[in-house]
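[1] quick one, what's the 3D model for this:
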Amino acid sequence: MTEVVTTGWNRLAIIAGGGEVPLLIAQGEKGAGRSPFIVEVTGFADQDFSVYDRSAFPVTKIGGMQKAMREAGCDAVCFIGRITRPDFKSLMGLDRAAMALLPKITQAARYGDDALMRVIIDSFENKGLRAIGADQALASLVPQPGTLGAIKPNATAMADIEKALTVARAIGAHDIGQGAVVANGLVLAVEAQEGTDNMLARVAELPGDIRGSAEGRVGVLAKTPKPQQERRIDLPTIGLHTIDGVSRAGLAGIAIFAGNALIPRMDETIAAADAAGVFIYAAKADE
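    Numbering: from 1, shown residues only. You can find the predicted model right below:
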């Protein structure tokens, strides 16, 4: 008999965008003896949720999502997965709830993605649905402090880690992005709207004399939450694609903050990093 783990919610609704994390959270809920309810975001959800109770809505149907969750007996909701920020002004088919939120959404969007998401989260909580983060829903996604694999950063890499985390936090304060790449003290790239994978692809195209190579890895990718970030959504995530991008760029490793990032399939990701000769370092919050 599966032991039911006390979590603070009875039934979790998972608003699923792209990527595998929504599915991993659903599997975690099922493994704990609970029955999650999946809301697939049309055009973004890309995993097979057929074994779960589910419905599907476009981003324009906020009221429809909320009604479906309440009818399914949900008392908590987790927003997780890739969803491209829409232009709500130009979207057709907004339901009544989305239309009512439109003025607040439009105003908040001027202040960045985090302000926008707080408006949307508040609208769900006002309907009695407690919003939780992926780190609360599935603790196994969250790294503990220290070096996570067999490859340890050397003194040069530790200096690059410190600078890269500082740069990542600085751009995050302006709601630009979550990531930065530093090699031998030189900032090679910062992440904007293109995302981490495309940023790493840009680094891989830089001249070889300012970045590392498979034969001599140099430099660090750092990812950190924005200082003002809504922690219940969009924590920095690294995975197999990140390891591949870092490897192709000739970088020595990845730095994140322990307790402030997600690593789906952590054991597989650490094994891939070890095989590529890349370190993963989880810094303490006060480092």
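[2] okay, CA-based contacts and neighbour counts for the rest of this
    Fine.
[3] what does the average pLDDT come to for stretch 233-241?
    The predicted model gives stretch 233-241 an average pLDDT of 88.
[4] can you point out the buried residues in that stretch?
    By neighbour count with 16 or more other Cα atoms under 10 Å, stretch 233-241 contains the buried residues 233-240.
[5] and what of stretch 194-211?
    Neighbour-count burial for stretch 194-211, counted by 16+ other Cα under 10 Å, picks out 196, 199-200, 203-204, 210-211.
[6] need the max-distance pair from the residues you listed.
    196 and 210 (19.3 Å; Cα to Cα).
[7] rewinding a little: export the buried residues of stretch 233-241 as CSV, with columns for secondary structure and distance to residue 27.
    Below are the buried residues of stretch 233-241 laid out as CSV (DSSP: H, G, I helix; E, B strand; the rest coil; distance: Cα to Cα, whole Å):
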residue, secondary structure, distance to residue 27
233, coil, 19
234, coil, 20
235, coil, 20
236, coil, 21
237, strand, 18
238, coil, 19
239, coil, 18
240, helix, 19
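[8] can I get those in CSV including distance to residue 70?
    Formatted as CSV, these follow (distance: Cα to Cα, whole Å):
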residue, distance to residue 70
233, 21
234, 24
235, 26
236, 30
237, 30
238, 33
239, 33
240, 36
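[9] ok, these vs residue 37, which is closest?
    Proximity of the buried residues of stretch 233-241 to residue 37 (Cα to Cα) peaks at residue 233, which lies at 18.0 Å.
[10] show me what contacts that closest one?
    Applying Cα atoms under 8 Å, 6 or more residues apart in numbering, we find residue 233 in contact with 79-80, 133-134.
[11] so which of those residues wins on neighbours?
    Neighbour tally across those (other Cα atoms under 10 Å): the maximum, 27 neighbours, falls on residue 134.
[12] tell me who's in contact with it.
    When contacts are counted by Cα under 8 Å, 6+ apart, residue 134 is found next to 25, 78-80, 232-233.
[13] contacts only, for residue 200.
    By Cα under 8 Å, 6+ apart, the contact set of residue 200 is 245-246, 249.
[14] from the buried residues of stretch 194-211, which land in helices?
    When the buried residues of stretch 194-211 are checked against helices (DSSP state H), the matches are 196, 199-200, 203-204.
[15] which residues touch the helix or strand of the chain with the lowest mean pLDDT?
    Within the chain, no helix or strand scores below helix 96-109, which has a mean of 79 by mean pLDDT, DSSP states H and E. Residues outside helix 96-109 that contact it (Cα under 8 Å, 6+ apart) are 60-63, 88-89, 115-116, 119-120.
[16] next structured bit after it?
    helix 113-125 (DSSP states H and E).
[17] could the buried residues of stretch 194-211 go into TSV alongside pLDDT and distance to residue 53?
    Putting those into TSV (pLDDT from 0 to 100; distance: Cα to Cα, whole Å) gives the following:
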residue	pLDDT	distance to residue 53
196	92	32
199	96	37
200	97	37
203	97	42
204	96	43
210	92	51
211	91	48
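[18] quick one: the helices in the stretch 51-200 of the chain?
    62-71, 96-109, 113-125, 134-137, 155-173, 196-204 (DSSP state H, counting those that start in this stretch).
[19] and of the ones you listed, who's closest to residue 31?
    Nearest to residue 31, of the helices of the stretch 51-200 of the chain and by Cα to Cα, is helix 134-137 at 12.2 Å.
[20] could you count how many residues lie near the residue nearest to residue 181 when sequence neighbours are not counted?
    Among residues not flanking residue 181 along the chain, residue 221 sits closest, at 4.5 Å (Cα to Cα, 6 or more residues apart in numbering). For residue 221, the count of nearby residues is 31 (other Cα under 10 Å).
[21] ok, now residue 28?
    As a burial measure, residue 28 scores 18 neighbours (other Cα under 10 Å).
[22] now the one 10 residues further on
    Residue crowding around residue 38 was assessed by other Cα under 10 Å; the count is 25.
[23] tell me the domain boundaries of this structure?
    12-137, 142-283 (automatic domain parsing).
[24] just name the most buried of the ones you listed.
    Most buried of the domains of the chain, by mean neighbour count (mean count of other Cα atoms under 10 Å): domain 142-283, with a mean of 20.
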